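> I'll drop the sequence and a predicted model, then ask my questions.
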Amino acid sequence: MAPRRFTLIDDGRLLEVEEAEGLALAERARAGGRPVALDPEERAAYLGIPASERAGPLAALEAPDFTLPDLEGRPHSLAAHRGRKVLLVAYASW
Amino acid sequence: MWQALSEELGGAGLAVITVALDRSPEDARPWIEAARPTHPSLIDTRHVLADLYNIVNVPTILWIDERGRIARPNDVAFGTDTFTHITGLASARPLAALRAWVRGATPGLAPEEVRRHLVLPSEEDQLARAEFGLADWLAREGRPEAAERHFVRAGELAPHDFTIRRGSLPIRGIDPMGPRFREMLGEWTRAGRPYYRPLPDTRG
């Protein structure tokens, strides 16, 4: 019988591994201080980013860079606007 | 409205970037096509921005200066007064503050003020985001029952995070303006907790 697959989502990136390895990696990530959402039945886990890692740049008042697509799928990054003042607006249709 | 502001202040050195925390580009498309933006108008289906900036509701605005430093942390501002009768928040003061900062009439917030108003993410906030990430993936994989468990868990971990609690409703097939949202909002505000948390100097 083929080993069962497990999906590990590491901060948005997908990794397919064998079930035992997936569970071990999720456990190791949690022991290493990462927030881990685990669903053994669904054989999937999401590894998030620790609060300390997110808080560091914010507390230093550094605006974290990001790259996101527009409606046409073209990527845009915050860093491309260095040298100008930026108004960043998060909104939603909901 | 952000487009009008971009036109007004672009020459004075302001770049406007809008980011839709939506389930899909299609959910955001009607809004973007109506606004006809010339500034970057981005789609964030995985809540990347919410994770990086500890954004817990919309609309949330930040000011970022020429050196890439946060000059005004997460604040609530509407570009228009369309919803003032519901939100109790008028657009005039936040927009006046922004204009003054862009034109150099005021320096914006001092670093110590920015730090005082910053809300850093907690371990539970980040675990809630991981639960949301797993739930979102499960939902997209066509496993709605499993997804639901993790959406609920995410909301329990971060009850103040409406990008999770309300933002997940469309993904779960629930009307984000409907009775489920009104119930959530009523339960939250009856306990004396505000749904919107503008910074003190723009509350007016």
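Yes, it's here. Numbers count the residues shown, from 1 in each chain, chains lettered A, B, ... in the order given.

> quick one: average pLDDT of the helix or strand hosting B:Arg93?
Per DSSP states H and E, B:Arg93 falls inside helix B:92-102. Averaged across helix B:92-102, pLDDT comes to 92.

> Low-confidence bits of chain B, can you list those?
B:202-204 (pLDDT under 70).

> So the spatially most central residue of it, which state does it fall into?
Centroid-nearest residue in chain B: B:Val58, 2.8 Å away (criterion: Cα atoms, centre = their mean). Per DSSP: H, G, I helix; E, B strand; the rest coil, the local secondary structure of B:Val58 is coil.

> so who does residue 49 touch?
Assuming you mean chain A. If you count contacts by Cβ atoms under 8 Å, 6 or more residues apart in numbering or on different chains, A:Ile49 has them with A:Asp11, A:Arg34, A:Pro35, B:Asp51, B:Gln126, B:Arg129. Every C-beta, even on glycine, is put in place using the N, C-alpha and C of the backbone.

> Please refer instead to chain B.
A:Phe66, A:Leu68, A:Leu88, A:Ala90, B:Val19, B:Leu21, B:Ile55.

> Out of these, grab the one that's most surrounded.
Using other Cβ atoms under 10 Å in any protein chain shown as the neighbour test, the contacts of B:Leu49 are led by B:Val19, with 28 neighbours.

> Show me what the longest helix seen in chain B is packed up against.
With secondary structure taken from DSSP state H, chain B has its longest helix at helix B:123-140. When contacts are defined as 3 or more Cβ pairs under 8 Å, 6 or more residues apart in numbering or on different chains; DSSP states H and E, helix B:123-140 packs onto strand A:5-10, strand A:36-39, strand A:44-47, helix A:51-59, helix B:48-53, helix B:144-157, helix B:162-165.

> can you count the residues close to residue 72?
Because you didn't say which chain, this covers chain A. A:Glu72: 6 neighbours (other Cβ under 10 Å).

> Switch to chain B, please.
By the other Cβ under 10 Å criterion, the neighbourhood of B:Arg72 contains 25 residues.

> Same check on B:Glu8?
13.

> and it, what is it in contact with?
B:Arg99.

> hang on, it is in a helix, isn't it?
Yes. Assessed with three-state DSSP, B:Glu8 lies in a helix.

> ok, A:Glu62 - contacts?
B:Gly68, B:Arg69, B:Ile70.

> actually A:Ala20, not the one I wrote
Neighbour list for A:Ala20: A:Pro3 [criterion: Cβ under 8 Å, 6+ apart].

> Quickly note the distance from it to A:Glu41.
15 Å (Cβ to Cβ, to the nearest Å).

> Give me the most central residue, chain A.
Closest residue to the average C-alpha location of chain A: A:Asp11 at 2.2 Å, with Cα atoms, centre = their mean.
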